[in-house]
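*Asks:* Generate a structure from the sequence data that follows.
(3 chains)
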Amino acid sequence: MSTFDGAKRLERSFAEGDPVEVAPQLLGKLLQRGALLARIVEVEAYRDGADAASHAYRGKTARNATMFGPPGHLYVYFTYGMHYCANIVCWPEGHAGAVLLRALEPVHGLEEMAARRFSNERIAPAPRPESLCSGPAKLCQAFGLDRGADGFDLVSGVEGVCLLDDGTPPPKEPAVGPRVGLSASCAARHERWRWWVPGDANVSRGPVAR
DNA sequence: CTTTGGATCGTCT
DNA sequence: GACGATCCAAAGG
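*Replies:* Numbers count the residues shown, from 1 in each chain, chains lettered A, B, ... in the order given. Prediction:
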């Protein structure tokens, strides 16, 4: 598990706090898996029993158990019958919270990402780089993350996936807005707990994207 | 350009 | 039995 270009692993303490505080700080950090490397450009925060949009809202279950575990681990869930989404677990063990990775800027391994995203068929023309990781399910597909990756430790990186810091600071003034995909009846749909790098081409296309 | 509908199944009511 | 922390292709302006 080699790091990249002198980038350093994130400390576990980085994820020990409130996901609403941690999320914007993750903008600019790197996700690595083998030769794959990409920079985080869009995130959302999810809390616990006080956040009606969170998987942890109604307590611990088999699906969301990782959210209640120690910080700095990967929480991957299956949704819509065909997609996976990846989160970074926050808060100390026993307290559930996470940051959803919504979009990444591909840095290395674009061809491998494209191969996972667009299996078989067309090798050329090469897909636009912004089509590889510009959504929570897209980035999971590009990185090959599924329920088998749930619980991976992103700090030690022992399972082959880790978070790195190459010194790039988060934006001083990140763009902010409401979270994407919440139903009209969700009590927490107005919370502005989505952050992204202003103007980044890899940010997901949502109702109020960009 | 924007809008719509289909795919597809684990999870919780 | 209903509903997703989604994506894509196709249809409509």
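
*Asks:* is DNA strand C contacted by stretch A:85-94?
*Replies:* Yes: with C-beta under 7 Å from any atom of the strand as the criterion, DNA strand C is reached by stretch A:85-94 at A:85, A:87. The C-beta positions use only the backbone N, C-alpha and C, and glycine is treated the same way.

*Asks:* from the middle of its chain, how far away would that stretch be?
*Replies:* Distance of stretch A:85-94 from its chain centroid, counting by C-alpha atoms, centre = their mean, to the nearest Å, is 11 Å.

*Asks:* Would you mark the buried spots in it?
*Replies:* A:85-91 (16 or more other C-beta atoms under 10 Å).

*Asks:* Show me those residues that map onto strands.
*Replies:* Applying DSSP state E to those, the entries found in strands are A:85-89.

*Asks:* Of those, which is the nearest to residue A:70?
*Replies:* residue A:89 (7.2 Å; C-beta to C-beta).

*Asks:* what's the pLDDT at that closest one?
*Replies:* The model reports residue A:89 with a pLDDT of 98.

*Asks:* thought it was touching residue A:98?
*Replies:* Yes: taking contacts as C-beta atoms under 8 Å, residue A:89 lies within contact range of residue A:98: 5.2 Å.

*Asks:* overlap in contacts of those two?
*Replies:* Common neighbours of residue A:89 and residue A:98 (criterion: C-beta atoms under 8 Å, 6 or more residues apart in numbering): A:67, A:75.

*Asks:* what are the ranges of the helices in chain A?
*Replies:* According to DSSP state H, chain A carries its helices in the segments A:19-25, A:110-117, A:136-143.

*Asks:* can you tell me which residues contact residue A:196?
*Replies:* A:27, A:41-43, A:102-103, A:174-175, A:177, A:203.

*Asks:* just residue A:29 next, same as before
*Replies:* Contact analysis of residue A:29 by C-beta under 8 Å, 6+ apart lists A:10, A:39-40, A:163-165, A:168.

*Asks:* Could you let me know which of those ends up closest to residue A:182?
*Replies:* Of the contacts of residue A:29, the one sitting nearest to residue A:182 (C-beta to C-beta) turns out to be residue A:40, at 21.1 Å.

*Asks:* Adding distance to residue A:34 as columns, could you present the ones in strands among the buried residues of stretch A:85-94 in CSV?
*Replies:* Below are these laid out as CSV (distance: C-beta to C-beta, whole Å):
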residue, distance to residue A:34
A:85, 21
A:86, 16
A:87, 21
A:88, 19
A:89, 22
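
*Asks:* Contact distance from DNA strand B - what residues of chain A qualify?
*Replies:* A:58, A:61-64, A:78, A:80-82, A:147.

*Asks:* That's all I had, so thanks and see you.
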